[in-house]
Each structure stands twice: as structure tokens, then as C-alpha cells.
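> Have a look; sequence and predicted model below, questions after that.
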Amino acid sequence: GRAVDDHPVCRKCRFDLTGVYPGAAACPECGADLEAASAVRIGNRRPRPLLTLGGVLTLTTVVLAVWIAWGSIGPAAWQQLKPVWWLRVEAANHGSVSSVAALDELMWRIKTNTIARRHIGKVVDDALAVQADDTVPWEPKWGELIETARAWLQLSDAQWDAYLSTAAEKAFELELRPRIRADDPLPYRLVQNPARVGEADLAVHIYFSGLWFGDQGVGGQSYVGAVLSATTVDYFHRAITSISPYWPGPGVYELLVVLDVGVYTKRTINPTITRFQTTFKRRLEVVGADAFSARPVHDPVLEQAVRNALHLEPIVNDRMSAGMSQVTGEITIHQTPVDLAFDVIVRRGDREWYLGSIFRSVGQGMTRHDYGNIIYDFDATHVDLILRPSRDVAVITVDIFEYWGSEIVFEDVKLQQR
């Protein structure tokens, strides 16, 4: 309010101290310390209601104008008015609706060339930092932003290589069988997790180029091809079969596994984008040729449960020419009480034909297993399908050490002829 006199007044309770101050150390009304700094002010105040009313009306008018403008322009237009620094702050609010909206707006500005190149560099650096940080849940819009900048020639080759290398490295985990015989192959499994990418049409080729223990190199080649996707989960089982002659003897080896990785576009004549190497450190125990590495389990109590878990889908006989057929099929497996490792064989009379192999670990949900082969001198209409336990199948997995050890036979199965 406006001062109407020059009386001393207690600032705390507004008591008029005329005749009391100076001289008194405390306010006689509220007891406040009058010797404290700013405890006393000069002048009683009278409210100015017209001025207050004018302020309220002005504020109300401004709020109403903003509300009307919001309704007429819409939130999308407000996004377009936000400065880049504001959008970057919202984009960093991971997992929120505002983050996705901010990333969409930044991509739109890149496509319409309405964002300065210096700002694009900062935004892309933000995206690469998020991609590299495993503690941040991945939002594919970050990958789409980087891919958009690349498509509109606003991304350096170094930034693009960093994006692809990080995506490929983080998408795969390597598992080795921890214990093998000296004369066994070395199985490994690449687990493909959802990649930290956007919607780019990318493929990855991974070559198992070898491994090292100390300064000793071990040979072997193997290959996996996959698609980089923000949603794909897959498993690739492979085995290095030419490795056994290289072990100096039984023992525990600290291995350095080297993978050569190439990332490719899928729709260009010259598809290679970037190549790099990645390494994994793993421990492996090598035992003697007569030591245990995988063994069959024979337990009559489990037999019925194993049989009940197997469901045979139709077997198809595709006649390719006289005496030559492609025989294919599928087995659905539900929960089993023991690991499985089978050769798949069809039998007619006293003749047998090999169609492939299947394996499965305890604890998996329902799985489907394809098998098939081109076979000769085959003209049967009905066959016995045999699942024959196989140590050779078990030892090329990373985690099967005990497997069901009795044959399972589906008798007199009618083939679907083509």
C-alpha cells in the first residue's frame, strides 16, 4: 500500500511504535526484536484497491488470451515455437510422452531444413550418448533421429560409424560352452537382443575369426547373418569344428574371442557401410578325451513326461524327381523335465534316412523345431519318425550336459505328398 505518515511501525505485526521506538528493545505487541536489521519500517500503509483490481484484471486478460491462443493454434504449433534447447531438455526426459514429441519435432525440423547445423550436431551427440548408455531404456525415436540426419546429409561419417558400431556391439551377447573334451568342437551361441536403432534397413554379418589364449592363436571360422532391429530377439547356435588340434592339453584357458563385424544396407549394390572388430573375454575348461562332457539320462519316471511334451506336426514329402524327395517337418515341444538332444530319422522297413537334429534346454517355453533333408531312393507313404538321442548334438550346444537317453518313435506316420 501507500505510506500515509512517517511513524515507526513493527514490520512483523504492523503495530504503530510512536512513543515507544526508539528506546524499546522489543515490540510491546508481538515481542519482536526491534534492534534486528529491518525490524522497523517507517510509515503506516493504506491499501490501494483500485490498483490491485487493475492487476487482477490484467492477469486474467493475459491468461484468457493464452488459453484462447492455445485452443486456436494447438499443441503441435506450440511445439514448433519451442527453441532447440527446450526440445533437447524434453527429449532427455526418457520414457515420457513429451520426449517422443520433442524427438518428432526435431526430426521434422531436420527434414524441413529449419534447424541450424550446429544444433543438429548437438542433438545427434545427445542421441549417441543415449544409445551408448545401457542404463537408459532405448526409445527407437532416438535412432530414427540419427537416421533422419543421415538421410538429409546432416551427419558426419564418424557419427554414422559410431551409431552402427554401437548398435551392432550392444545387440549381441556371446556364450561359450564352459567345458569341452579336447577332441570336441567348440560351441558358441550369439544371443541377439533388440538393437538400439531406429527403422534403418540394416543387416549385420558376424564372422568368428578366431580366439587367443596368452600369445597362442587358435584357428576356426564361423559365420552368422542377422538383421538389426529394435524388436528382434533371436539365438544363433554355431560350433567351431576345426579347433580341437590346437589345444596344448587339458586345463582352464582364459580366451580372447575375436569377432569381425560388418554392417550393411540391404537395398544397395555396394552394401558395406562399416566394418569393425569386437572382442569378448571368456573362460573355457578343456578336459581329456575320456572325460565326461555330456551324458544320457535314462529314468523311467520321466519317460511319459518327455513323450507328452512332444507334438509332431505333419511330415511333408516333396517329390523333386524320380527317386529324390525333400522331406520336411516340425516338432512342437512344451515343458520337459530334462534337456533334449536328438537326431531326427525316418525309417521304412529296414532303411533309415537322416533329416537333421534338434535340441532344447529345460526351462524354455513352447518351442518349434524344423527339420528336413533331401533324400534319395525314397517312395514311402508312411514312415516311422525316430528321435534318437545324440551326444554329438549335445556337445555342439552351450548348455546341454545331460540329455534324454532313450529313443522316441512315432510309428506309421502318414506323409503329406506334394
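Here it is on my side, so go on. Numbering: from 1, shown residues only.
> ok now do residue 149, which residues does it touch?
Shown in contact with residue 149 (Cβ atoms under 8 Å, 6 or more residues apart in numbering): 110, 120, 123-124, 155. Yep, even glycine has a C-beta here, placed from its N, CA and C like the rest.
> Among those, which pair sits farthest apart?
Spatial extent of those (Cβ to Cβ) is set by the pair 123 and 155 at 10.5 Å.
> isn't residue 182 right next to residue 251, touching?
No: taking contacts as Cβ atoms under 8 Å, residue 182 lies outside contact range of residue 251: 9.8 Å.
> Between these two, which is the more surrounded one?
Using other Cβ atoms under 10 Å, the more surrounded residue of residue 182 and residue 251 is residue 182, with 19 against 12.
> low-scoring pLDDT stretches of this protein, where are they?
Low-confidence segments of the chain (pLDDT under 70): 1, 65-77, 218-221, 241-245, 266-272.
> Show me where the stretch 201-350 of the chain has its strands.
For the stretch 201-350 of the chain, applying DSSP state E, counting those that start in this stretch gives strands covering 202-213, 216-218, 222-228, 234-240, 251-265, 272-287, 295-297, 310-312, 315-321, 324-333, 340-348.
> List the strands paired with the third one, with their directions.
So that's strand 222-228. strand 202-213 (antiparallel) (DSSP bridges).
> Just want the angle from the partner strand to strand 251-265.
Strand 202-213 and strand 251-265 are oriented at 160 degrees to each other (axes from the mean of the first three to the mean of the last three Cα atoms, to 10 degrees).
> Is the closest residue to residue 248 other than its chain neighbours bridged to anything, and to what?
Excluding its sequence neighbours, the residue lying closest to residue 248 (Cβ to Cβ, 6 or more residues apart in numbering) is residue 216, at 7.4 Å. Beta-bridge partners for residue 216, by DSSP bridges, are residue 213.
> Could you tell me how far residue 216 is located from residue 3?
Using Cβ to Cβ, to the nearest Å, one obtains 93 Å as the distance from residue 216 to residue 3.
> swap in residue 418?
Using Cβ to Cβ, residue 418 is found at 104 Å from residue 3.
> cool, and residue 83?
Separation of residue 83 from residue 3 (Cβ to Cβ): 43 Å.
> Of those two, which one has the most company?
Neighbours per residue, other Cβ under 10 Å: of residue 83 and residue 3, the larger number sits with residue 3, 13 against 9.
> That one touches residue 45, doesn't it?
Yes: assessed by Cβ under 8 Å, residue 3 is found in contact with residue 45 at 6.0 Å.
> So residue 393 belongs to a strand, correct?
No: counting by DSSP: H, G, I helix; E, B strand; the rest coil, one finds residue 393 to be helix, located in no strand.
> residue contacts, it?
Counting by Cβ under 8 Å, 6+ apart, residue 393 has contacts 341-343, 357-359, 403.
> What is the burial count for the closest residue to it other than its chain neighbours?
Using Cβ to Cβ, 6+ apart and skipping the chain neighbours, the partner closest in space to residue 393 is residue 341 (4.1 Å). Residue 341 is flanked by 27 other residues according to other Cβ under 10 Å.
> Tell me how far residue 341 lies from residue 179.
Note on residue 341: its distance to residue 179, by Cβ to Cβ, is 16 Å.
> okay, stretch 331-341 in CSV with CA atoms only?
Extracted as CSV, the C-alpha positions of stretch 331-341 are listed here (Å, rounded to 0.1, in the frame of the first residue of the first chain):
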residue,chain,number,x,y,z
ILE,A,331,8.1,-80.7,-33.9
THR,A,332,6.5,-78.6,-31.2
ILE,A,333,8.0,-79.1,-27.7
HIS,A,334,6.4,-78.0,-24.4
GLN,A,335,8.0,-78.1,-21.0
THR,A,336,10.3,-81.1,-20.5
PRO,A,337,11.8,-82.5,-17.3
VAL,A,338,15.2,-83.0,-19.0
ASP,A,339,17.3,-81.5,-21.8
LEU,A,340,16.8,-83.0,-25.2
ALA,A,341,19.4,-83.7,-28.0
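> what sits against the residue positioned nearest the centre of the chain?
Against the mean C-alpha coordinate of the chain, by Cα atoms, centre = their mean, the closest residue is residue 194 at 3.3 Å. Taking Cβ under 8 Å, 6+ apart, we find residue 194 in contact with 138, 171, 229-233.
> List only buried entries from those.
When the contacts of residue 194 are checked for burial by 16 or more other Cβ atoms under 10 Å, the buried set is 138, 171, 229-230.
> Only alpha carbons, please: show the helix or strand hosting residue 89 as CSV.
Residue 89 is located in helix 84-91, with elements delineated by DSSP states H and E. Extracted in CSV, the C-alpha atoms of helix 84-91 (Å, rounded to 0.1, in the frame of the first residue of the first chain):
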residue,chain,number,x,y,z
VAL,A,84,16.1,-26.3,-29.7
TRP,A,85,17.5,-26.2,-26.1
TRP,A,86,13.9,-26.7,-24.8
LEU,A,87,13.3,-29.6,-27.1
ARG,A,88,16.6,-31.2,-26.0
VAL,A,89,15.6,-30.9,-22.4
GLU,A,90,12.2,-32.6,-23.1
ALA,A,91,13.8,-35.3,-25.2
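> Against which helices or strands is it packed?
helix 97-111, helix 117-132 (3 or more Cβ pairs under 8 Å, 6 or more residues apart in numbering; DSSP states H and E).
> Can you list the buried residues in the shortest one?
When you say that, I think you mean helix 97-111. Neighbour counts over helix 97-111 (16+ other Cβ under 10 Å) mark 99-107, 109-110 as buried.
> which among those gets closest to residue 166?
The closest of those to residue 166 turns out to be residue 103 (Cβ to Cβ; 17.9 Å).
> my guess is the closest one meets residue 140, correct?
No: with contact defined as Cβ under 8 Å, residue 103 does not count as touching residue 140 (9.7 Å).
> Closest to residue 256 out of the buried ones among the contacts of residue 194?
Ranked by distance to residue 256 (Cβ to Cβ), the buried ones among the contacts of residue 194 are led by residue 171 at 20.7 Å.
> Assess the claim that the closest one and residue 228 are in contact.
Yes: here residue 171 reaches residue 228: they are 6.2 Å apart, a contact under Cβ under 8 Å.
> what touches both of those two?
Residues touching both residue 171 and residue 228 comprise 195, 204, with contact defined as Cβ under 8 Å, 6+ apart.
> ok, back up a step: give me the phi and psi angles of the residue nearest to the centre of the chain.
Taking degrees, to the nearest 10, you get phi -50, psi 130 for the backbone angles of residue 194.
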